[in-house]
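> All I have is the shape, not the residue letters:
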């Protein structure tokens, strides 16, 4: 990727709140990131860290209410898609931003044929008639590696295996040749061999089609294999962001470091117990005034309880373009910043 | 699907025979005398002769067998003769009502049109209004529309038809001045013929109340089912997928969600069709619509075993048939269900 290329997607200070009876839940707190053309950004974090909610907020896929995007801007090209009308946003969804979801078993409508569902975005966005859409849908199904595609167009989702269904989901997401593909844990519900196939497929499609990808997962192994850049999320905010090699070689945030330690190694001495991060992820009841990781952090000191750390750049690049971390503790010196 | 349907139809035969036997035996066990309404002046030996002439002197199994023979052989032949001017059924005895001494099926044929028109219309109107109500209630859950709809359907569901019926009669027939355009007749005139606009308006007015009562009850039930089913599906992942494709809310709701939500509701609607014939017994009585339900009630009161047995058996056939139709519809609507 040429450095300094204009990002296809630029998210700034995104803040999403769920209004519930028990009060507001601050699920996403000033999240900023960008995505360069053709880049694959990995987003990692445990359940409830706000990964999916962030991506859903971008294109208004969260049910509103209870969800509410309070602040921020999402620039797709030059347009802030948080400010456009619902009708204009629908023109963006599926056309310029494609979505692949976690569970292929439930993400397809059980009562319509697969062909019908692949054709739908084509008919909606591409001004195709049924015949053209059918031909293109067959092409797409072949592209994602579904054998005997013409015949399988008439089949229903329950006649497909999990991996094949996820391929169909990818075909739907890519139908209109989007600039950005958001894959929300696309391999979590699949078994390992199928996971590998889907990852290979996405890598392959990326070289063929050149779209930028946001890949959400909690599997660091997957990220290491495919991502250009990684963003680590915790408690609804970005805690660390770096190019993939840099992040694995030189993790800065105590959470990232702990996360990397939890990966069991297949080589070397087998340890008696798997490593875990002690404690529970935070309940985001109020806008954070402290570091959300403080209760579970081994390096926490007074400042962490009084001030939510801002992202700071580690190199010469500005925040978001090189390696940055949101922590009061400096991993390089082993003391406060 | 076809083999499934044929298999189920064949299986229905022993089921229905068994049902008819149970109804027959129940009627045998029931106390009462078909001649109880006869004047006391008739001497006992004459009464006994009448009883013998009604066939009551024969043993139980002979009477049951004769009824079956009449139902499956004589009656079809009779209707065949009537349709094609043949004479196969000449001299054969049809099923005769104890009460009216007229063939049971002639009475049924006289009464079915009223039942179908009034009760069927109530069912149809109720179903048609309940679907949009259910859809909107679910889509705008907890809105004022949903709250109001919930209230009305709770009332419609919990207040029996003989209460709503009588209430409407008091308001629109008793309290309403007779010269008002909103006055409605409380008694249904079966002999009324629709020939022109004025007679159509009269027919409309006399149907209005019974149809409303039945439609309210039906709509209350079905709209609840529809709402619950829509809510179930609205939170499904495939709805999010549909939205992620950029489809409009209209398409998401009326194509993706509705098609899935209709599966259980269509079954409920199909299973309810036999109640068009049976369930309106009370409403027919309140408004004096002389339909099938009212006839059944009259016959039970008069110990008219052949009539009760035949009408009940027709209801049984309808219930078995619409159960099968519901299953077939389920298979057609939901591609995951295959019977073969």
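Cool, got the structure. Since the model is a prediction, treat every value here as computed from it, not as a measurement.

> list the contacts for residue B:24?
Contact analysis of residue B:24 by CB atoms under 8 Å, 6 or more residues apart in numbering or on different chains lists B:64, B:67, B:309. The C-beta positions use only the backbone N, C-alpha and C, and glycine is treated the same way.

> Low-confidence ranges, chain B, go.
Scanning chain B with the threshold set as pLDDT under 70 gives B:279, B:340.

> who in it is up against chain A?
Within chain B, the positions lying close to chain A (CB under 8 Å from any CB of the partner chain) are B:236-238, B:240-248, B:256, B:259-260, B:263, B:333-336.

> Buried members of the residues you listed into ChimeraX, please.
To isolate the buried members of those in ChimeraX, using 16 or more other CB atoms under 10 Å in any protein chain shown:
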select /B:236,237,238,240,241,242,243,244,245,246,247,256,259,260,263,333,334,335
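
> Narrow the residues of chain B next to chain A to those in strands?
Among the residues of chain B next to chain A, no residue falls in strands (DSSP state E).

> Not counting sequence-adjacent ones, nearest residue to residue A:27?
Distance criterion CB to CB, 6 or more residues apart in numbering or on different chains; nearest residue to residue A:27, sequence neighbours excluded, is residue A:53 at 4.6 Å.

> ok, now which ones touch that neighbour?
Residue A:53 touches A:16, A:27-28, A:62, A:67, A:236, counting by CB under 8 Å, 6+ apart.

> run the last query once more with 7 Å
A:16, A:27-28, A:62 (CB atoms under 7 Å, 6 or more residues apart in numbering or on different chains).

> Then residue B:112?
Contacts for residue B:112 (CB under 7 Å, 6+ apart) come out as residue B:292.

> And the lowest-mean-pLDDT helix or strand in chain A, how far out from the chain middle?
Lowest mean confidence among the helices and strands of chain A (mean pLDDT, DSSP states H and E): strand A:335-336, at a mean of 78. Chain-centre distance of strand A:335-336: 31 Å, with CA atoms, centre = their mean, to the nearest Å.

> and it, which strands flank it?
Applying DSSP bridges to the sheet, strand A:335-336 is found paired with strand A:329-330 (antiparallel).

> and the partner strand, what's its mean pLDDT?
Averaged over strand A:329-330, pLDDT sits at 84.

> and what of stretch A:200-210?
The average pLDDT within stretch A:200-210 is 85.

> Next: stretch A:303-310.
Throughout stretch A:303-310, pLDDT has a mean value of 84.

> try stretch A:144-152
87.

> measure that stretch end to end?
13 Å (CA to CA, to the nearest Å).

> Stretch A:224-240 now?
First-to-last distance for stretch A:224-240 - CA to CA - comes to 15 Å.

> buried set for it?
The neighbour-count check on stretch A:224-240 (16+ other CB under 10 Å) flags A:224, A:226-240 as buried.

> cool, and stretch B:67-80?
B:67, B:70-71, B:74-75, B:77-78.

> for these, which one is nearest residue A:273?
Closest approach to residue A:273 among the buried residues of stretch B:67-80 (CB to CB): residue B:71, at 77.8 Å.

> can you tell me which residues contact the closest one?
residue B:95.

> quick one, phi/psi of it?
Backbone torsions of residue B:71, given as degrees, to the nearest 10, read phi -70, psi -40.

> how much space is there between it and residue B:104?
9 Å (CB to CB, to the nearest Å).

> Equivalent analysis for residue B:89, please.
15 Å.

> Could you confirm residue A:115 falls within a helix?
Yes - Residue A:115 forms part of a helix when assessed by DSSP: H, G, I helix; E, B strand; the rest coil.

> Just give the nearest non-adjacent residue to residue 295, would you?
No chain specified, so I'll use chain A. residue A:279 is the one closest to residue A:295 (CB to CB, 6+ apart), at 5.7 Å.

> I was after chain B.
Closest to residue B:295 by CB to CB, 6+ apart is residue B:111, at 5.2 Å.

> Okay, now the unreliable bits of chain A?
In chain A (pLDDT under 70), the answer is A:1-4, A:270-272.

> Break down it into its strands, ranges please.
With DSSP E as the criterion, chain A has strands at A:9-20, A:23-35, A:40-44, A:67-76, A:79-80, A:97-100, A:180-184, A:212-217, A:229-234, A:237-243, A:312-313, A:324-325, A:329-330, A:335-336.

> Export those to a markdown table and append columns for distance to residue B:119.
Output for these, formatted as a markdown table (distance: least, CB to CB, whole Å):
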| stretch | distance to residue B:119 |
| --- | --- |
| strand A:9-20 | 47 |
| strand A:23-35 | 52 |
| strand A:40-44 | 60 |
| strand A:67-76 | 47 |
| strand A:79-80 | 58 |
| strand A:97-100 | 49 |
| strand A:180-184 | 52 |
| strand A:212-217 | 56 |
| strand A:229-234 | 61 |
| strand A:237-243 | 63 |
| strand A:312-313 | 77 |
| strand A:324-325 | 73 |
| strand A:329-330 | 78 |
| strand A:335-336 | 82 |
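
> For residue A:263, which of these is the nearest?
Closest among the strands of chain A, using CB to CB: strand A:40-44, at 11.3 Å.

> Quick one: work out the angle between that closest one and strand A:237-243.
If you take axes from the mean of the first three to the mean of the last three CA atoms, to 10 degrees, strand A:40-44 sits at 140 degrees to strand A:237-243.

> Which other helices and strands does strand A:40-44 contact?
Other helices and strands packing on strand A:40-44, by 3 or more CB pairs under 7 Å, 6 or more residues apart in numbering or on different chains; DSSP states H and E, are strand A:212-217, helix A:220-226, strand A:229-234.

> Looking at these, spot the one closest to residue B:183.
Of all the helices and strands packed on strand A:40-44, strand A:212-217 comes closest under CB to CB, at 67.5 Å.

> Need the contact partners of the closest one.
In contact with strand A:212-217 (CB under 7 Å, 6+ apart) are residues A:8-9, A:35-44, A:51-52, A:55, A:179-185, A:202, A:206, A:223, A:226-227.

> hmm, try it at 6 Å
With contacts defined as CB atoms under 6 Å, 6 or more residues apart in numbering or on different chains, strand A:212-217 is touched by A:8, A:35, A:37-43, A:51, A:180-185.

> so after the helix or strand where the residue nearest to residue B:295 lies, what's the next helix or strand?
According to DSSP states H and E, residue B:111 maps onto helix B:104-115. Scanning forward in sequence from helix B:104-115 by DSSP H and E, the next helix or strand is helix B:121-139.

> Residue 212: neighbour count?
You didn't say which chain, so I picked chain A. 24 (other CB atoms under 10 Å in any protein chain shown).

> oops, I was thinking of chain B
With other CB under 10 Å as criterion, residue B:212 counts 18.

> Please apply the same query to residue A:118.
29.
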